[in-house]
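Novice: quick one: sequence plus predicted model below, questions after.
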Amino acid sequence: MKPEYAPIFSPAATMRAPEVIYNQIYEKILRGELKPGDRLPPERVLAEQFCRSRPSVREALRMLQENGYIRIEGGRSGGSIVKGISIESLELPLQKVIRSGVMSLQELVDYRCVNDLGCARLAAQYHTEQDAAILRSVMEDYRGAIADFERFKKVDTEFHSALACATHNSLIIAINDVLISPVEDAFWMAAEKMEKDEIIEINRTAYSLHNQVAEAVLAKDPAAAEKYMRDINGVYARSVFPYSSTSVVFQDGPGIRDPNPQD
């Protein structure tokens, strides 16, 4: 008689010592029992308290540092210092998820659209004169980079970073920093299959639309800024997805995915 379920799991193993140590320290940081600036006990003391080896403690501390929860300083006066739960500590795990390939390009593009529309709207509402000056400077560089692909890629990244900073929302800034590289890379991978004149024409359109977003932001017109940003995402999607098996259309709504894709 065949088993009802095919085996798809391995026997559950006891957590490794570094993971146990990591979880205890992380939970105390999360609950506020360990606050930013607090210094953890030395490795020797931690090993005694956890009843684990110093290498296990060292590995747990390294993991906490990698995820942005503590910083480790060298020297006689150094040690492990709590950084707390910050935007950086949220950003690093998200970067790992994206780099792992768990998310599809379509998912990244869909979310980037949602993020960009809100970013444009908030930048129009909350930008300062300093933000406005940075945005004007970026657009000057943008105009001169249409036929210079490496420069264009750099300036486009600077535009979206400037817009995110103009929202004065730390979460938007962090998410923009995480998403922009893989999304930009996807376009330039697609561009490898295009003729140079086709890329220049797309860049020219992109410049025009980005300039309209900038002007709407500077005019403090959130609705217009959001509209032109939606247009930008539509141009991006049509540029990337004709070279994949995914059918994408540009819609009036916040999304850019075809609601009824054809196989």
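Specialist: Great, that's in hand.

Novice: so where do the strands sit in the chain?
Specialist: With DSSP state E as the criterion, the chain has strands at 70-73, 79-82.

Novice: burial count for the nearest residue to residue 219 once chain neighbours are set aside?
Specialist: Residue nearest to residue 219 in three dimensions, not counting chain neighbours: residue 124, with 7.7 Å by CB to CB, 6 or more residues apart in numbering. Quick note: C-beta positions are derived from backbone N, CA and C, even for glycine. Applying other CB atoms under 10 Å, we find 23 residues neighbouring residue 124.

Novice: again with the one 4 residues further on
Specialist: The number of residues packed around residue 128, counting by other CB under 10 Å, is 11.

Novice: got a list of what it touches?
Specialist: 166, 168 (CB atoms under 8 Å, 6 or more residues apart in numbering).

Novice: numbering from 2 from now on, please.
Specialist: Happy to do that; since the first residue is 2 now, the last one works out to residue 129.

Novice: quick one, phi/psi of it?
Specialist: Here is the backbone geometry of residue 129 (degrees, to the nearest 10): phi -100, psi 180.

Novice: relative to residue 214, how far out is it?
Specialist: 17 Å (CB to CB, to the nearest Å).

Novice: just the pLDDT for the residue nearest the centre of the chain.
Specialist: Centroid-nearest residue in the chain, with CA atoms, centre = their mean: residue 179, separated by 1.8 Å. At residue 179 the predicted local confidence, pLDDT, stands at 80.

Novice: can you give me the distance of the nearest residue to residue 110 once chain neighbours are set aside to residue 109?
Specialist: The shortest distance from residue 110 to any non-neighbouring residue, by CB to CB, 6+ apart, is to residue 238 (6.2 Å). Between residue 238 and residue 109 the computed distance is 11 Å (CB to CB).

Novice: the two: which has the busier surroundings?
Specialist: Applying other CB under 10 Å to residue 238 and residue 109 shows that residue 238 carries more neighbours, namely 25 against 16.

Novice: correct me, but that one touches residue 107?
Specialist: No: in this structure, residue 238 is not within contact of residue 107 by CB atoms under 8 Å, at 9.3 Å.

Novice: dump the residue contacts of residue 140.
Specialist: Contacts of residue 140 by CB under 8 Å, 6+ apart are 160, 211-212, 215.

Novice: check those residues and tell me the two furthest apart.
Specialist: Across the contacts of residue 140, the longest distance by CB to CB is 9.7 Å; it joins 160 and 212.

Novice: low-confidence ranges in the stretch 2-151 of the chain?
Specialist: 2-15, 86-103 (pLDDT under 70).

Novice: ok, and what's touching stretch 31-44?
Specialist: 26, 29, 47, 50, 55, 58-59, 62, 71, 80-86.

Novice: pull out the buried members of the residues you listed.
Specialist: By neighbour count, with 16 or more other CB atoms under 10 Å, the contacts of stretch 31-44 hold 26, 47, 58-59, 62, 71, 80-81, 83-85 as buried.

Novice: which two from those end up farthest apart in space?
Specialist: 59 and 85 (21.3 Å).

Novice: if I look at residue 108, how far off is residue 51?
Specialist: 39 Å.

Novice: which of those two has more neighbours?
Specialist: When residue 108 is set against residue 51 and neighbours are counted by other CB under 10 Å, the residue ahead is residue 51, at 16 against 12.

Novice: leaving out the residues flanking it, which one is nearest to the more buried one?
Specialist: residue 22 (5.4 Å).

Novice: and that neighbour, how far from residue 38?
Specialist: 21 Å.

Novice: neighbour-wise, which of those two wins?
Specialist: For residue 22 versus residue 38, the count of surrounding residues by other CB under 10 Å is larger for residue 22: 24 against 9.

Novice: for that one, which residues are in contact?
Specialist: Shown in contact with residue 22 (CB under 8 Å, 6+ apart): 47, 51, 53, 57-58, 61.

Novice: which of those fall in helices?
Specialist: 47, 51, 57-58, 61 (DSSP state H).

Novice: identify the farthest-apart pair in those.
Specialist: The widest separation within the ones in helices among the contacts of residue 22 (CB to CB) is 9.4 Å, between 47 and 57.
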